[in-house]
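Novice: fold the stuff below for me.
(2 chains)
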Amino acid sequence: MTAGVGTVIDAVYVVAVLAFILGLKAMSSPETARRGIAYAGAAMLAAVVATFFSPGLSNFALIALGVIVGGGIGWYWARVVKMTAMPQMVAVFNGMGGGAAAAIAGVVLLSSLSNPADAGLSVAGAVIGSISIAGSVVAFLKLQGWMRQRPIVYPARQPINLTVLGVGVAFGVYAVVRVDTLFLLPFFVLLLVYGVLLTLPIGGADMPVVISLFNALTGIAVALDGFALVNGPLGDAGYAMVIAGVLVGAAGSLLTILMARAMNRSIGNVVFGAFGAVEETGVTMQGSMKPIEPDDAAVLMAYANQVIIAPGYGMAVAQAQQKVKELADLLEAKGVAVKFAIHPVAGRMPGHMNVLLAEAGISYDKLFDRDEINPEFATTDVVLVIGANDVVNPAARRVGSPLQGMPILDVDQAKNVLVIKRGQGKGFAGIENDLFYKENCRMLYGDAQQVVGKLVQALKRS
Amino acid sequence: MAADLWTALFIAILAAFTGYEVIGRVPVLLHTPLMSGSNFIHGIVLVGAIVALGIATTPLEQAIGLVAVVMGAMNVTGGYVVTERILAMFDRSKKKGGSA
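Specialist: The predicted structure is shown next:
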């Protein structure tokens, strides 16, 4: 063990932390975003490699095995997954970080339970990390469609959940006070169960906010682990974890608040509200859903002054963005102005639609966010809603609706509204959509890619 | 011993304000990549996992440490690749009207 090696490692951590901050800063502007992840990536690589050379480290073979196996799986999985599945991938990899934080806390608790400060910090890190991994896994299962997306509710939900959390934390505290590792097992089990219970009642539409919240929580768990490590033999790694963890905790919390605000909801309401579990009663829909043939819809659009396309998750699922681009090009060739109305929470994540449309080669100057485009609907001939539902539901303006107060795209004010929809089912929030029953609304049933394909064919013929 | 903890606490306070300020004015467009990017940054947990496994002595500690390293490594590589893939699309849009 030489002082020289330690100094070099510390210097690497300092540079890495600086690069994380600059990288995060760069990632908050479209022009520099790619540079930002490159900075952060290089910093991470340097920090991990430097840690390998830490004096006094043993179990090298196991460490190498873990890095290769985990790194390989993460790399491969992230490479092969479709862009539409990105939200749940963020959930998975965030959960892995939370799990790692919980496991580190486990090692610290097993090895230095007799140190009350470190053990207490580790208990806190383990609590948050366990909730983060269990919750993230449930979020993944829901978004992947392997689990029911609607909120799963059961009687006395809050008391039960609180009891599980309370008893779990009590086991952890007791383990520290009694210096007895035996109590650590029920501690971890109950915290993992709490993470699952916390996430089950949250509907799929709210998952982006929840994933962001778990992301912030993982950051905090990592920071708490860092606190517990700074006293240890390799304490300087702890400082790097404190800074990066708190950085993510703060940035992630702010991001979570911004996302919840875009839906006009509070975080408490998102997490504990079981949003969409309760059906609105006493409201019966007037009129009926009126279908329209693709040929007629194409004519309607071809002679419009302006067509605004409002895409949603349905477009993403059907992989229809290429066809949508084709449709937009054809309409523009006929002299029709085409704009895209992007609701902040359209899709499964804020910015999800922008990403998918950009992938299809649609330029950014055609994409407008809610506040920019809403005044234009009243003077627009045709709005084409592709696989969006809750974000265009005028029920949000009605007092008593579960969607009440959520800012929406005012598509119902256009002269004609065409809605591409898979079937007559309800939206993600499980709420009837008033829009579909309106006089100016016509339905195009079917898979978004096929229906847009038919519209393109019809436009080419006309 | 407590001195290190206090130092870490001072650092944490500064880092919290830094994190808050750095993304204060981010456009909605970048919420997803930013979430993914910050997800990558807490992959620094891998460093802690390596330390934890590196100082583990009993088989149980080693097993849990290995789990930590595997998960931390997944966080790092997965988080990086997902963020990079999302941001790669933003670059393409600079070629206006270019088709994919």
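
Novice: tell me the phi and psi of residue A:110?
Specialist: Main-chain dihedrals, residue A:110, degrees, to the nearest 10: phi -70, psi -40.

Novice: residues near it, how many?
Specialist: Using other C-beta atoms under 10 Å in any protein chain shown, residue A:110 has 19 other residues around it. C-beta here means a position set from N, CA and C on the backbone, and glycine is covered the same way.

Novice: leaving out chain neighbours, which residue sits closest to it?
Specialist: With sequence-adjacent residues excluded and distances taken as C-beta to C-beta, 6 or more residues apart in numbering or on different chains, residue A:110 is closest to residue B:61, at 5.2 Å.

Novice: mean confidence for the helix or strand containing that neighbour?
Specialist: Counting by DSSP states H and E, the element that carries residue B:61 is helix B:59-92. Per-residue pLDDT over helix B:59-92 has a mean of 91.

Novice: for stretch A:25-43, same thing?
Specialist: pLDDT averaged over stretch A:25-43 gives 89.

Novice: near chain B at all, that stretch?
Specialist: Yes - Stretch A:25-43 is in contact with chain B by C-beta under 8 Å from any C-beta of the partner chain, via A:25, A:27-30, A:33-34, A:36-37, A:40-41.

Novice: residue A:55: neighbouring residues, count only.
Specialist: Residue A:55 - counted by other C-beta under 10 Å - has 12 other residues nearby.

Novice: Three-state assignment for it, please.
Specialist: coil (DSSP: H, G, I helix; E, B strand; the rest coil).

Novice: and it, what's its pLDDT?
Specialist: Among the per-residue scores, residue A:55 shows a pLDDT of 87.

Novice: ok, now which ones touch the closest residue to residue A:406 other than its chain neighbours?
Specialist: Nearest residue to residue A:406 in three dimensions, chain neighbours excluded: residue A:396, at 4.5 Å (C-beta to C-beta, 6+ apart). Contact analysis of residue A:396 by C-beta atoms under 8 Å, 6 or more residues apart in numbering or on different chains lists A:403-408.

Novice: and which of these is nearest to chain B?
Specialist: Nearest to chain B among the contacts of residue A:396 is residue A:407, at 12.0 Å by C-beta to the nearest C-beta.

Novice: surely residue A:444 and residue A:423 touch.
Specialist: No - when contacts are counted by C-beta atoms under 8 Å, residue A:444 is not listed as touching residue A:423 (11.8 Å).

Novice: okay, the two: which has more neighbours?
Specialist: residue A:444 (23 against 8).

Novice: tell me the secondary structure at the more buried one.
Specialist: Assignment for residue A:444 (three-state DSSP): strand.

Novice: contacts only, for it.
Specialist: Per C-beta under 8 Å, 6+ apart, neighbours of residue A:444: A:291-292, A:294, A:297, A:418-421, A:451, A:455.

Novice: mind checking which helix or strand the most centrally placed residue in chain B is in?
Specialist: Centroid-nearest residue in chain B: residue B:41, 1.8 Å away (criterion: C-alpha atoms, centre = their mean). Per DSSP H and E: residue B:41 is located in helix B:31-41.

Novice: how about the nearest residue to the residue of the stretch 151-300 of chain A found nearest chain B, chain neighbours excluded?
Specialist: Nearest to chain B, among the residues of the stretch 151-300 of chain A, is residue A:250, at 3.1 Å (C-beta to the nearest C-beta). Leaving aside its sequence neighbours, residue A:250 sits nearest to residue B:19 (C-beta to C-beta, 6+ apart; 3.1 Å).

Novice: that neighbour and residue A:249 touch, don't they?
Specialist: Yes - counting by C-beta under 8 Å, residue B:19 does reach residue A:249; the two are 6.9 Å apart.

Novice: about what we covered before: against residue A:102, how distant is the residue of the stretch 151-300 of chain A closest to chain B?
Specialist: To residue A:102, residue A:250 is 21 Å away according to C-beta to C-beta, to the nearest Å.

Novice: do residue A:11 as well
Specialist: 30 Å.

Novice: ok, now residue A:183?
Specialist: Distance from residue A:183 to residue A:102, by C-beta to C-beta: 16 Å.

Novice: more neighbours: these two, which one.
Specialist: Applying other C-beta under 10 Å to residue A:183 and residue A:102 shows that residue A:102 carries more neighbours, namely 32 against 18.

Novice: was I right about that one contacting residue A:124?
Specialist: No - between residue A:102 and residue A:124 there is no contact under C-beta under 8 Å: 11.0 Å.

Novice: about what we covered before: which SSE is the residue of the stretch 151-300 of chain A closest to chain B in?
Specialist: Going by DSSP H and E, residue A:250 is in helix A:235-262.

Novice: how about that helix: buried residues?
Specialist: Residues A:236-260, A:262 are the ones in helix A:235-262 that count as buried (16 or more other C-beta atoms under 10 Å in any protein chain shown).

Novice: still on that earlier bit, check the residues of stretch A:25-43 next to chain B and tell me the two furthest apart.
Specialist: For the residues of stretch A:25-43 next to chain B, the farthest-apart pair by C-beta to C-beta is A:30 and A:41; their separation is 18.5 Å.

Novice: more crowded one of those two?
Specialist: residue A:41 (23 against 19).

Novice: surely that one is within a helix?
Specialist: Yes - under three-state DSSP, residue A:41 falls within a helix.

Novice: returning to that earlier point: from the contacts of residue A:396, keep the buried residues only.
Specialist: A:403, A:406-408.

Novice: would you turn these into CSV with secondary structure and distance to residue A:317?
Specialist: What follows is the buried ones among the contacts of residue A:396, written out as CSV (DSSP: H, G, I helix; E, B strand; the rest coil; distance: C-beta to C-beta, whole Å):
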residue, secondary structure, distance to residue A:317
A:403, coil, 21
A:406, coil, 22
A:407, coil, 24
A:408, coil, 21
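
Novice: redo those as a markdown table? Include pLDDT and distance to residue A:189.
Specialist: Formatted as a markdown table, these follow (pLDDT from 0 to 100; distance: C-beta to C-beta, whole Å):
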| residue | pLDDT | distance to residue A:189 |
| --- | --- | --- |
| A:403 | 74 | 37 |
| A:406 | 78 | 37 |
| A:407 | 82 | 41 |
| A:408 | 88 | 42 |
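
Novice: need the max-distance pair from those.
Specialist: It's A:403 and A:407 that sit farthest apart of these, by C-beta to C-beta, at 10.2 Å.

Novice: give the bridge partners for the nearest residue to residue A:311 once chain neighbours are set aside, please.
Specialist: Once flanking residues are discounted, residue A:311 sits nearest to residue A:386: 4.8 Å by C-beta to C-beta, 6+ apart. For residue A:386, the beta-bridge partners are residue A:311, residue A:420 (DSSP bridges).

Novice: give the contact list for residue A:386.
Specialist: Neighbours of residue A:386 in contact, by C-beta under 8 Å, 6+ apart: A:309-312, A:314-315, A:320, A:324, A:420, A:448, A:452.

Novice: repeat for residue A:441
Specialist: Residues in contact with residue A:441, defined by C-beta under 8 Å, 6+ apart, are A:289-290, A:412, A:417-419, A:435.
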